[in-house]
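Participant: Just a sequence and a predicted model for now, questions to come.
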Amino acid sequence: MKNKIIEQIEKRTKKGNIDNISRTESYANFYERHKEIKWAFLASMVSRNAGWCMTDLAGPWYQKAISAEMRQWLFLTYEKANWLIFSDAYPQLLMYEYSKKYNQSFFPLLHYFNVSSFMIQEWERYLAEKNDDRLLCALIINEQHIIQKPVIEQKDFVKNVFHSFLYMFQDFFHFSTVIFPTLDGKLYGCSIYHFRNVTKRIHFGRCLAALLFHPLYYEKFRLFSTFVPHTGSRFDYEKFLHTCLERETPFLRSTYPIVTHDMDDPKVEWFHGQPLKKFFRSFQIPKKIEVTEWYLKKQKQLRLWCMLQEYLKQ
């Protein structure tokens, strides 16, 4: 049975990790089957944001302001990070599904997928304690460590993205903000600064999780996820805004080809017994979470900046 489970997980992970659309759908579908695994819903909503940022790069405004080479590097940054996280996390989710189905722990098999010993321990702990929030936090900690060396510290990404002039002004774009839309035309979100710092990203992930599962907003976000298919275009949610914008970004699958990924280096264990208690402390969402007006203002600023860049080039 164990070999069969490993084989099935490999196939299902490969199928789900084709592109941003398949990842988003895989996370969301898993959450619908297992709502106790909150991270899957968070991952689906963050993955939507990654898709929107990807197609922004192919939209008319960014093409005016950003070189084709830079836009390709930014796309690859999103794509590589999200591919890596899925390749590590989705086997964990599926292993939980099999463990739940057969009422026994198959988590030791995660060694086959080079999953961190930290997460194997956390899954075993979850089976014993059923602490949904701790598992959510553990998965956030893990995902951010997963991308640290192969993306955030990888020399080509550092040179072409993280040390670029554009990255220094990332807050001007949407690169540093994750948005959770609703069907009633309101947007909620959180922003991150110092993205390259793993502690900052974990804090950011916890902020997003606290917002996503806030009792006042959770149902609104879930309804959006349920009833709005993910196309990669920001028009997925912009069409619900009271000052409805025209579609300006294309569908993701009509824009980007399938990317074939190769691990530059063998996946290595990031956890070496370092203390992680600080990441599990209680967390409160920021006071400013409704960002609808901010978003509309930012869109206007972005267009003006892009037109200025186009004018300066000419």
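Facilitator: Everything's here; your move. Numbers count the residues shown, from 1 in each chain.
Participant: now for the helix or strand that contains R201, which elements pack on it?
Facilitator: Secondary-structure assignment from DSSP states H and E places R201 in helix 198-212. Helix 198-212 makes packing contacts with helix 38-56, helix 132-146, strand 177-181, strand 187-191 when contacts are defined by 3 or more Cβ pairs under 8 Å, 6 or more residues apart in numbering; DSSP states H and E. For glycine as for every other residue, the C-beta is placed from the backbone atoms N, C-alpha and C.
Participant: Check which helices and strands the helix or strand immediately after that helix in the chain sits against.
Facilitator: Per DSSP H and E, the first helix or strand lying C-terminal to helix 198-212 is helix 218-227. For helix 218-227, the elements it packs on are helix 38-56, strand 177-181, judged by 3+ Cβ pairs under 8 Å, 6+ apart.
Participant: and the angle for helix 218-227 with strand 187-191?
Facilitator: Put simply, helix 218-227 runs at 100 degrees to strand 187-191, going by axes from the mean of the first three to the mean of the last three Cα atoms, to 10 degrees.
Participant: Buried residues of helix 218-227, list them for me.
Facilitator: K220, F221, R222, F224, S225 (16 or more other Cβ atoms under 10 Å).
Participant: And stretch 94-112, by the same measure?
Facilitator: L94, M95, Y96, E97, Y98, S99, S105, F106, F107, L109, L110.
Participant: Give me the contacts around it.
Facilitator: Residues outside stretch 94-112 that contact it (Cβ atoms under 8 Å, 6 or more residues apart in numbering): 2, 5-6, 8-9, 12-13, 30, 33-34, 37, 91-92, 119-120, 123-124, 127.
Participant: which of those are buried?
Facilitator: Buried subset of the contacts of stretch 94-112 (neighbour count, 16+ other Cβ under 10 Å): I5, I6, I9, R12, T13, F30, I37, P91, Q92, M119, I120, W123.
Participant: In terms of pLDDT, where does the second one sit?
Facilitator: Yep, that's I6 we're talking about. The predicted structure scores I6 at 97 on the pLDDT scale.
Participant: for the fifth one, same thing?
Facilitator: In this prediction, T13 carries a pLDDT score of 98.
Participant: and it, helix, strand or coil?
Facilitator: Put simply, T13 is helix when judged by DSSP: H, G, I helix; E, B strand; the rest coil.
Participant: host element of the closest residue to it other than its chain neighbours?
Facilitator: Distance criterion Cβ to Cβ, 6 or more residues apart in numbering; nearest residue to T13, sequence neighbours excluded, is Y90 at 4.9 Å. Using DSSP H and E, Y90 maps to helix 68-102.
Participant: what's the pLDDT at I179?
Facilitator: I179 is assigned a predicted lDDT (pLDDT) of 96.
Participant: For F280, see how far away it is.
Facilitator: Distance of I179 to F280, computed by Cβ to Cβ, to the nearest Å: 26 Å.
Participant: neighbour count winner among the two?
Facilitator: I179 (20 against 13; other Cβ atoms under 10 Å).
Participant: check contacts around W294.
Facilitator: Contacts of W294 (Cβ under 8 Å, 6+ apart): none.
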